[in-house]
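Peer 1: Here is a sequence together with a model predicted from it:
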Number of protein chains: 2
Amino acid sequence: MNIKRPTLIVDKAKVLKNIDRVVKKIKRSPQEIRFRPHFKTHQSEQVGEWFREKGVTSIAVSSVPMAEFFAEKGWADITIAVVVNILEIDDINRLAEKIQLNLLVDSKKMVQILEKKLAHPVDIWIKIDTGYHRTGIEWSFRKEILETAQAIHKAKKLTLAGLLTHSGHSYDANTNESIKLVYHDTVSKMQYIRDYLAQMGIEGVQISIGDTPSCSRIDSFFGIDEIRSGNFVYFDLMQLELGACREEEIAAAVACPVIASYPQRKEIVVLGGAVHLSVESLMASNHKKSFGIVALQDEATGTWDKSLPDTYVSSLSQEHGIIRTSLPYIQRFKIGDILMVLPVHSCLTANLLKDHTQFV
Amino acid sequence: MNIKRPTLIVDKAKVLKNIDRVVKKIKRSPQEIRFRPHFKTHQSEQVGEWFREKGVTSIAVSSVPMAEFFAEKGWADITIAVVVNILEIDDINRLAEKIQLNLLVDSKKMVQILEKKLAHPVDIWIKIDTGYHRTGIEWSFRKEILETAQAIHKAKKLTLAGLLTHSGHSYDANTNESIKLVYHDTVSKMQYIRDYLAQMGIEGVQISIGDTPSCSRIDSFFGIDEIRSGNFVYFDLMQLELGACREEEIAAAVACPVIASYPQRKEIVVLGGAVHLSVESLMASNHKKSFGIVALQDEATGTWDKSLPDTYVSSLSQEHGIIRTSLPYIQRFKIGDILMVLPVHSCLTANLLKDHTQFV
């Protein structure tokens, strides 16, 4: 391991297990479900290949440049899982010429704009808001959803794939039961709309769902056609706190060089700050803000062990992280040592370190 | 303006004024003070050139790669203003061969390691902790500071430049008076150490300070030899809240395409999320979390006007920003419009968008 500055270390064995678990669970479902993992978490050609080896051929991404990146790497069925940004129409047209491109809309108006500006056929998902209140047509607005579906049916270059939602409010659910409730609530709302559209003559509408907490806590999927979760590939402290994973399933950590040690403060300072980890935080066990927990690197393999007790990143600035710990560790860590920081939100950390990643 | 996705817009006229204000203030000082602006905020060759035009020749950066970047652009006197990460010694040696490189240490041990591993002479600043408690030798630890200074004097490749501190705790001071108190407190602690070192036979020790809030609120500098503030070049909402700038002095904002509109929620959604703005937040006037305030772009010039009342980024995910606003604005903003988001912490935003920046 030749690490000299903050580097995202991805544990291949854990990633493969994380992928395998979801692939197997989806295969166990009573009905056939398409697995379309969200690649925004890793944004990595290599991790993409590991998905491909498990039989995955459909993916979701969160931006047009990310779609371009994976299209170049041979992915031929890509959903840009953010409602269309019409200012990127030229790039969208170039992509739609090459691959099976799937876009999200949440208004009849956007359908009409797309029909006018698209140069090639695309599949369209209507984004539905089932409670997260980010984007999507509010699930109870039946008329608006119907009109959007009808407009897609009328449009020549647009084919209606189905209804898509992201139940991001599952991240606010803090018990196993409440996460499951979000899933059941989401599925029943989506089915309610599908049934309504069928009554109105629009058949064959698929349902796509996506958040990692639900997908991790549900044992058997039903009533849906597609799953787009993504974070499970690495997991992180947010998912750990939600109970969506165990610590040993977290597959990405940031290797940070120790640059200073302050025994009197019981603090170590590492190179590893907001530009490496992101400033996403949660509450540590002592009710103070935590920007990550800390483990030792296994020098032989490059992976890491169980996190150290009472040791966490208590503060971040642009390049520095301050680690609070106990005296025995202070004496053990030397300047130039590498400490592994398990991130709060792996998607943002992986985005910051996408050009500084090592696979072990 | 051909903006299709989140882009950092830098207002040249404002940047020049922000630079000019500090340059003039420093020139007005009763003693000669070296201005060594911190380039971590902008990380931009172009902005660097504007500093050069104002006579600046010395700069500070926060990482070795940033030093390499600016050394390539012709900057020949660079301080890496983070205590040395010894794992980067090969890169440090390459830099020290080419330019006047200045490094930070905060222990005698680091001096000894450097003396062994350095291939070329460097100037050394002893990092002092005057109250921020990030890095540096605690200012009252006279013996430790003296021993470090003596070790530098003994070392052949190391020349003692002086004492350097970053009073980042000025960011927690919330009145004009308390910010000034931090400055005065910092300077007197630094002078106390300098006087002590002089008594012990170590003369000619310079004092370098650096935080933007103090540098913005102090009318006349005294008792110091160098100023390294950086954020003032763009400012941001954090500095606005501290009273360190006025809104019209904020020189960087993120142009974000509107992708959705929800009149019933009084919300607009833009492409512009955590991977563009960073998740740094502060409290909005309604005591809710704010990730930015919003202004309209002047289409002719590409700059922006005064921020809109009661309009702010209330929530961020990886690529999305949700903007809370009032009904008249909801009706005015159309899909495909550009909204300008003034960032909470411009250093982190500029870092995320350094390859997606336009100067207007």
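Peer 2: Perfect, thanks for sending it.

Peer 1: how close does the residue lying farthest from the centre of chain A sit to A:M190?
Peer 2: Computed with CA atoms, centre = their mean, the residue of chain A farthest from its C-alpha average is A:Q264, at 39.8 Å. Counting by CB to CB, to the nearest Å, the gap from A:Q264 to A:M190 is 57 Å. For glycine as for every other residue, the C-beta is placed from the backbone atoms N, C-alpha and C.

Peer 1: A:K157 now?
Peer 2: Note on A:K157: its distance to A:M190, by CB to CB, is 25 Å.

Peer 1: higher neighbour count, the two?
Peer 2: Taking other CB atoms under 10 Å in any protein chain shown, A:K157 and A:M190 do not tie; A:M190 has more neighbours (26 against 15).

Peer 1: For that one, list the residues it contacts.
Peer 2: For A:M190, the contact set (CB atoms under 8 Å, 6 or more residues apart in numbering or on different chains) comprises A:I128, A:T130, A:W139, A:L163, A:T165, A:I207, A:I209, A:G223, A:I224.

Peer 1: next one: A:K25
Peer 2: Residues in contact with A:K25 (CB under 8 Å, 6+ apart) are A:D219, A:S220, A:F221.

Peer 1: tally of neighbours for the residue lying closest to the residue farthest from the centre of chain A once chain neighbours are set aside?
Peer 2: Nearest residue to A:Q264, sequence neighbours excluded (CB to CB, 6 or more residues apart in numbering or on different chains): B:E138, at 7.1 Å. Other residues lying near B:E138 total 17 when counted by other CB under 10 Å.

Peer 1: what's the answer for A:L101, then?
Peer 2: 25.

Peer 1: That one looks like it's in a helix, true?
Peer 2: No. Under DSSP: H, G, I helix; E, B strand; the rest coil, A:L101 falls outside any helix and is assigned strand.

Peer 1: Distance of it relative to A:I268?
Peer 2: Plainly put, A:L101 is 48 Å away from A:I268 if you go by CB to CB.

Peer 1: With A:N18 instead?
Peer 2: Relative to A:I268, and taking CB to CB, A:N18 is found at 30 Å.

Peer 1: Between these two, tell me which one has more neighbours.
Peer 2: A:I268 (28 against 22).

Peer 1: That one and A:A260 touch, don't they?
Peer 2: Yes. Between A:I268 and A:A260 a contact is recorded at 7.2 Å, counting by CB atoms under 8 Å.

Peer 1: in the longest helix seen in chain A, what counts as buried?
Peer 2: Counting by DSSP state H, the longest helix found in chain A is helix A:176-199. For helix A:176-199, a neighbour-count test (16 or more other CB atoms under 10 Å in any protein chain shown) marks A:179-180, A:182-183, A:185-187, A:189-190, A:193-194, A:196-197 as buried.

Peer 1: Just the closest residue of the stretch 51-200 of chain A to chain B, please.
Peer 2: The nearest approach of the stretch 51-200 of chain A to chain B comes at A:L87, 4.1 Å away (CB to the nearest CB).

Peer 1: Around that residue, how many other residues sit close by?
Peer 2: Using other CB under 10 Å, A:L87 has 21 neighbouring residues.

Peer 1: does it really touch B:I3, like I thought?
Peer 2: Yes. A:L87 is in contact with B:I3 according to CB under 8 Å; the separation is 7.1 Å.

Peer 1: about what we covered before: let's have the buried residues of helix A:176-199 in TSV, adding pLDDT.
Peer 2: Output for the buried residues of helix A:176-199, formatted as TSV (pLDDT from 0 to 100):
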residue	pLDDT
A:I179	82
A:K180	85
A:V182	87
A:Y183	89
A:D185	91
A:T186	93
A:V187	94
A:K189	96
A:M190	97
A:I193	98
A:R194	98
A:Y196	98
A:L197	98
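
Peer 1: For my notes, confirm A:C215 occurs in a strand.
Peer 2: No. A:C215 sits outside any strand when classified using three-state DSSP, being helix.

Peer 1: Check what pLDDT it gets.
Peer 2: Per-residue pLDDT puts A:C215 at 79.

Peer 1: go on, the one 3 residues further on?
Peer 2: Note for A:I218: predicted pLDDT of 84.

Peer 1: That one: what's it in contact with?
Peer 2: Neighbours of A:I218 in contact, by CB under 8 Å, 6+ apart: A:K180, A:Y183.

Peer 1: picking that back up, which neighbours do A:L87 and B:I3 share?
Peer 2: B:P257.

Peer 1: so what does the helix or strand of chain A with the lowest mean pLDDT touch, helix or strand wise?
Peer 2: When the helices and strands of chain A are scored by mean pLDDT, DSSP states H and E, helix A:212-217 comes last with a mean of 80. Other helices and strands packing on helix A:212-217, by 3 or more CB pairs under 8 Å, 6 or more residues apart in numbering or on different chains; DSSP states H and E, are helix A:176-199, helix A:237-242.

Peer 1: In CSV: the ones you listed, plus distance to A:D298.
Peer 2: Listed next are the helices and strands packed on helix A:212-217 as CSV, based on distance: least, CB to CB, whole Å:
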stretch, distance to A:D298
helix A:176-199, 32
helix A:237-242, 20
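
Peer 1: Any residue of the top strand by length along chain A touching chain B?
Peer 2: Counting residues, the longest strand found in chain A (DSSP state E) is strand A:252-262. Yes. Counting by CB under 8 Å from any CB of the partner chain, chain B has neighbours in strand A:252-262: A:P257, A:I259, A:A260, A:Y262.

Peer 1: Now that A:V275 has come up, it's in contact with A:G321, right?
Peer 2: No. Under the criterion of CB under 8 Å, A:V275 is not in contact with A:G321, lying 10.8 Å apart.

Peer 1: The two: which is more packed in?
Peer 2: A:G321 (29 against 23).

Peer 1: Can you get me the start-to-end distance on stretch A:243-261?
Peer 2: 33 Å (CA to CA, to the nearest Å).

Peer 1: same question for that stretch, mean pLDDT?
Peer 2: Throughout stretch A:243-261, pLDDT has a mean value of 96.

Peer 1: from the chain's centre, how far out does that stretch sit?
Peer 2: Remark: stretch A:243-261 is offset 17 Å from the chain centroid, using CA atoms, centre = their mean, to the nearest Å.

Peer 1: Enumerate the positions of it that are buried.
Peer 2: A:244-245, A:249-261.

Peer 1: Is there proximity between stretch A:301-318 and chain B?
Peer 2: Yes. Using CB under 8 Å from any CB, a contact is recorded between stretch A:301-318 and chain B, made by A:S315, A:S317, A:Q318.

Peer 1: what bridges to the first one?
Peer 2: It refers to A:S315. Beta-bridge partners recorded for A:S315 (DSSP bridges): A:I322.

Peer 1: What is the burial count for it?
Peer 2: A:S315: 20 surrounding residues under other CB under 10 Å.

Peer 1: what residues are up against it?
Peer 2: A:S315 makes contact with A:K289, A:F291, A:G321, A:I322, B:R134 under the criterion CB under 8 Å, 6+ apart.

Peer 1: Report the separation between the last one and B:S140.
Peer 2: Between B:R134 and B:S140 the distance, using CB to CB, works out to 17 Å.

Peer 1: swap in the second one?
Peer 2: Using CB to CB, one gets 28 Å for the distance from A:F291 to B:S140.

Peer 1: what about the two, which has more around it?
Peer 2: A:F291 (27 against 12).

Peer 1: what's the offset of stretch A:242-250 from the middle of its chain?
Peer 2: Centroid separation for stretch A:242-250 versus its chain: 15 Å, with CA atoms, centre = their mean.

Peer 1: I am finished for the moment; much appreciated.
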